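**Q** Requesting a structural model of the entry that follows:
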Amino acid sequence: MINRILYWMKNNLKYENNNSIKFTRTALEIINSGIYTGCSDFALLFETIAREIS
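**A** Model (predicted):
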């Protein structure tokens with residue numbers, strides 16, 4: 001399961017260094033934008049997906 005989540009995230013998100021939106025978005029907003037701003041966004045989204053599919 002972990003590998004499938006990471007594979008999806010790697011292929012559907014791109015990194016953008018944007019401090020103006022860092023720490024302000026929900027998992028849904030991250031998915032919809034297709035952009036993560038750092039490890040906090042990445043971790044939030046991973047946790048949300050893992051909880052949803054378990």
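**Q** quick one: the helix ranked longest in the chain to chain centroid distance?
**A** In the chain, taking DSSP state H as the definition, the longest helix is helix 39-53. In terms of C-alpha atoms, centre = their mean, to the nearest Å, the centre of helix 39-53 is found 6 Å from the chain centre.
**Q** Contacts for it next, please.
**A** Residues outside helix 39-53 that contact it (C-beta atoms under 8 Å, 6 or more residues apart in numbering) are 1-2, 5-6, 8-9, 13, 22-23, 25-27, 30-31, 36. Backbone N, C-alpha and C define where each C-beta goes, glycine included.
**Q** If we use 7 Å, what do you get?
**A** Met1, Ile5, Met9, Phe23, Arg25, Ala27, Ile30, Ile31, Tyr36 (C-beta atoms under 7 Å, 6 or more residues apart in numbering).
**Q** So which of these belong to helices?
**A** Counting by DSSP H, the contacts of helix 39-53 contribute Ile5, Met9, Ala27, Ile30, Ile31 to helices.
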